[in-house]
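Participant: Just the structure for this:
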Amino acid sequence: MEPHPPSQLNTRGDSISRPGNSEGRRSGKMISRFFRHLREPFASSVHPPWFDARGIGIGLFIGLGIPVGAQMVLLGLLRILFKFNTVMAFTFTWVNNPITLIPMYYGFYCLGSLILGESVMMNVEDFQHLMRPVLHAGHFWDAIHAFMYLGLDLLVRWFVGALLVGAAVGVLGYVAGYRIRKNRCKRKARQLGIAYDRLVKTLEANTKVPRRGAAD
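Facilitator: Numbering: from 1, shown residues only. You can find the predicted model right below:
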């Protein structure tokens, strides 16, 4: 048997010779960066559990239940009214991103149609074409304006699905975030040799927010 010519030998492993492998690696890196983007503010937080959990819940609700373009406006308004971790909230709004937006929004449209007892009038390709002005808007007001021009029937169905999912996921995010942060704070308190309540009070003092009760 004649040896393969040197140009055909794979000296770096089989993965190099497989088409699409580099694309898979790039996608994997993008996904890894996305989850790291979500995890880092949470893991490095020095705030009380309820403060971070509230940011997670608000961020998830805004990211899922509020149309693109209006999200940062609403986040800014809520920041005036409530105390929460705005960095955490901003981070978790990124559940809505260029990769997830079309399938997510189409899913909201279909869910809203199902809840209202209406038939789905368009497929995902038609929906993506209809959403193109929203996706390519250069300013948040342009995005809101383009979204409002999608038509009342579509908007009603979309908002029914989006608000339902946003509220449910926001509550679940708050509960999960609170429990995780509380467990982290308890471990930290044990390491420092102090009571959990004392650590929470210290975190609240450093965060400059009022005490929420011993249960926090």
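Participant: got the buried residues for the helix or strand encompassing Y109?
Facilitator: Element membership for Y109, per DSSP states H and E: helix 101-115. Using 16 or more other CB atoms under 10 Å as the test for burial, helix 101-115 gives 102, 104-113. All C-beta spots, glycine's among them, are computed from the backbone N, C-alpha and C.
Participant: got a list of contacts for that helix?
Facilitator: With CB atoms under 8 Å, 6 or more residues apart in numbering as the test, helix 101-115 has contacts from 64, 68, 96, 119-121, 124, 127-128, 131, 135, 154, 156-162, 164-165.
Participant: what distance separates it from the centre of its chain?
Facilitator: Put simply, helix 101-115 sits 17 Å off its chain's centre (CA atoms, centre = their mean, to the nearest Å).
Participant: mind saving the C-alpha coords of that helix as CSV?
Facilitator: Written as CSV, here are the backbone C-alpha positions of helix 101-115 (Å, rounded to 0.1, in the frame of the first residue of the first chain):
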residue,chain,number,x,y,z
LEU,A,101,-35.0,36.9,19.2
ILE,A,102,-36.8,35.5,16.1
PRO,A,103,-37.6,32.0,17.5
MET,A,104,-38.5,33.5,20.9
TYR,A,105,-40.8,36.2,19.4
TYR,A,106,-42.4,33.8,17.0
GLY,A,107,-43.0,31.4,19.9
PHE,A,108,-44.7,34.3,21.8
TYR,A,109,-46.9,34.9,18.8
CYS,A,110,-47.9,31.3,18.5
LEU,A,111,-48.5,31.0,22.3
GLY,A,112,-50.7,34.1,22.3
SER,A,113,-52.6,32.8,19.3
LEU,A,114,-53.2,29.5,21.2
ILE,A,115,-54.4,31.3,24.4
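Participant: Identify the residues contacting the helix or strand hosting F147?
Facilitator: If you go by DSSP H and E, F147 is part of helix 140-148. Outside helix 140-148, the residues that touch it by CB under 8 Å, 6+ apart are 67-70, 72-73, 133-134, 137, 155.
Participant: Would you state the predicted confidence (pLDDT) at the residue nearest the centre of the chain?
Facilitator: In the chain, the C-alpha nearest the mean C-alpha coordinate belongs to V95, at 2.3 Å (CA atoms, centre = their mean). On the pLDDT scale, V95 is placed at 89.
Participant: any idea which helix or strand comes after the lengthiest helix in the chain?
Facilitator: Using DSSP state H, we find that the single longest helix of the chain is helix 152-192. As assigned by DSSP H and E, the chain's next helix or strand after helix 152-192 is helix 196-207.
Participant: From the contact counts, what lies against that next one?
Facilitator: Packing contacts for helix 196-207, counted by 3 or more CB pairs under 8 Å, 6 or more residues apart in numbering; DSSP states H and E, involve helix 49-65, helix 152-192.
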